[in-house]
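Participant: Here is a sequence together with a model predicted from it:
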Amino acid sequence: MIRITRSISINEDEIREVFVRASGPGGQNVNKVSTAVQLRFDVANSPSLPDDVRERLIRLAGKRMTDSGEIVLDARQFRTQLKNRQDARERLVELIRRAAVRPKPRKRTKPTRASKERRLDTKRRKSRAKKQRRRVTGSDD
């Protein structure tokens, strides 16, 4: 079990990891060993996630979410498979933790009298400045 919060844990069986060859640093090793990790987590069918967390997670995942409802995370920063695997899991846990935080509801407020006055005063000043830029029309003397 991977513990996300006090109330949310996901089973290791819900995560699929595929190891692929990574480009980048590693010298000759890079052509022989599959160190990069592609982690897949099925958000849409996960029994471990409450519905509200699932919805926020889908929104947070963005382009990492597939059409079938899976989050795909690529980890290829490190030269070892173990470190890349840990990195991918940590990123998944962090993403789910961010989704678990319930957003604070917005309280509607009215503008204060002072802020209304400031806005109207600014409008008057700008209006006067624009009036002064106009061409003067009148009699030709």
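Facilitator: Structure received.
Participant: Quick check: the gap between the most centrally placed residue in the chain and T66.
Facilitator: Nearest to the geometric centre of the chain sits L60, at 4.5 Å (C-alpha atoms, centre = their mean). Applying C-beta to C-beta, to the nearest Å, the value for L60 to T66 is 15 Å. The way it works is simple: take the backbone N, C-alpha and C, and place the C-beta from them, glycine included.
Participant: and for the strand or helix carrying the residue nearest to the centre of the chain, what are the contacting residues?
Facilitator: Following DSSP states H and E, one finds L60 within helix 51-61. Outside of helix 51-61, the residues within contact range by C-beta atoms under 8 Å, 6 or more residues apart in numbering are 8, 43-44, 46, 49, 65, 69, 71, 95-96, 98-100, 102-103.
Participant: buried ones in that helix?
Facilitator: 53-54, 56-57, 61 (16 or more other C-beta atoms under 10 Å).
Participant: Helices of this protein, start to end?
Facilitator: Assigned by DSSP state H, the chain shows helices spanning 51-61, 81-100, 113-133.
Participant: just so I know, which of the ones you listed lies nearest I4?
Facilitator: helix 81-100 (4.9 Å; C-beta to C-beta).
Participant: So what touches the closest one?
Facilitator: Residues from elsewhere that reach helix 81-100 (C-beta under 8 Å, 6+ apart): 2, 4-5, 8, 10, 15, 17, 19, 22, 33-39, 41, 49, 53-54, 56-57, 60-61, 71, 73-78.
Participant: which of these count as buried?
Facilitator: Buried among those (16+ other C-beta under 10 Å): 4, 8, 10, 15, 17, 22, 35-39, 41, 49, 53-54, 56-57, 61, 71, 73-76, 78.
Participant: out of these, which are inside strands?
Facilitator: 10, 15, 17, 36-39, 41, 71, 73-75 (DSSP state E).
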